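>>> Next input, structure requested:
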Amino acid sequence: MKKLFLAILFAVGFCSQAMANVTYFSDNFDNLSAWTLKSGGSYASVSNNKLSFTSGNSQGDIFTTATFNKGYFNFDYSGVAGNDAGGYFGISTAFAGDHTWIAGSSSLALTPVNLVNDGLFHTYSIAFDSASLGVTAVHIMLEQFGNNTPGLATFARVSVTESSVAAVPVPGAIWLFVSGLLGLAALRKKA
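Numbering: from 1, shown residues only. Coordinates of the predicted model:
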């Protein structure tokens, strides 16, 4: 029984190590202190830990003050259903500098990742490496583009992590597995 218990502890320790995901940046939009606004003003607005915009813009509306060089961009996005306009997620080498759109929801500007406008929140995790763009680090850039109607694009839970958030197993599954092993051990002891 002692050996089984030690094996279980080892498995839990190993799995928790495997689940570790380094977070370089995380913002749940309780304010915009981690962001800088586009010169000349911004249309960004925060409410209930969600970022939306009161009007459209181009070349970015807000930018992270921090820079990143490699990892995964993770965010939740909701766009108003039926609109061919909405949110854009990109990177920039400076504030309103050279920029590249990574994800977008309008047919006006094609992006590698399409953001869904169906009125529901969807979670995205996108790999990036600034070296592939020939630069050492980039800022995250967000905006609403293609329409000046307020609230067409909403972002939440933006983060930059070492590995994809979608690839991280659910911690509850580990405990369910361990409790099953303990149950089997108890049955074995009774028999």
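>>> what about the residue nearest the centre of the chain, which helix or strand?
For the chain, the residue nearest the mean C-alpha position is Asn74 (1.5 Å; C-alpha atoms, centre = their mean). Following DSSP states H and E, one finds Asn74 within strand 70-79.
>>> circling back to that earlier point, for the residue nearest to the centre of the chain, give its distance to Thr123.
7 Å (C-beta to C-beta, to the nearest Å). Backbone N, C-alpha and C define where each C-beta goes, glycine included.
>>> Tell me the residues that contact both of these two, please.
Listed as contacting both Asn74 and Thr123 by C-beta atoms under 8 Å, 6 or more residues apart in numbering are 157, 165.
>>> one step back: figure out how far the strand holding Asn74 is from the centre of its chain.
3 Å (C-alpha atoms, centre = their mean, to the nearest Å).
>>> now swap in stretch 50-62 and tell me
17 Å.
>>> The residue nearest to the centre of the chain contacts Phe155, correct?
No. Asn74 sits out of contact with Phe155 when judged by C-beta atoms under 8 Å, with a separation of 11.1 Å.
>>> which residues of this structure fall in strands?
Remark: strands assigned in the chain by DSSP state E are 23-27, 35-37, 44-47, 50-53, 62-64, 70-79, 86-92, 99-104, 113-114, 122-129, 139-145, 153-161.
>>> Output these as a markdown table; include the columns mean pLDDT.
Below are those laid out as a markdown table (pLDDT from 0 to 100):
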| stretch | mean pLDDT |
| --- | --- |
| strand 23-27 | 95 |
| strand 35-37 | 92 |
| strand 44-47 | 94 |
| strand 50-53 | 96 |
| strand 62-64 | 94 |
| strand 70-79 | 96 |
| strand 86-92 | 93 |
| strand 99-104 | 91 |
| strand 113-114 | 94 |
| strand 122-129 | 96 |
| strand 139-145 | 93 |
| strand 153-161 | 97 |
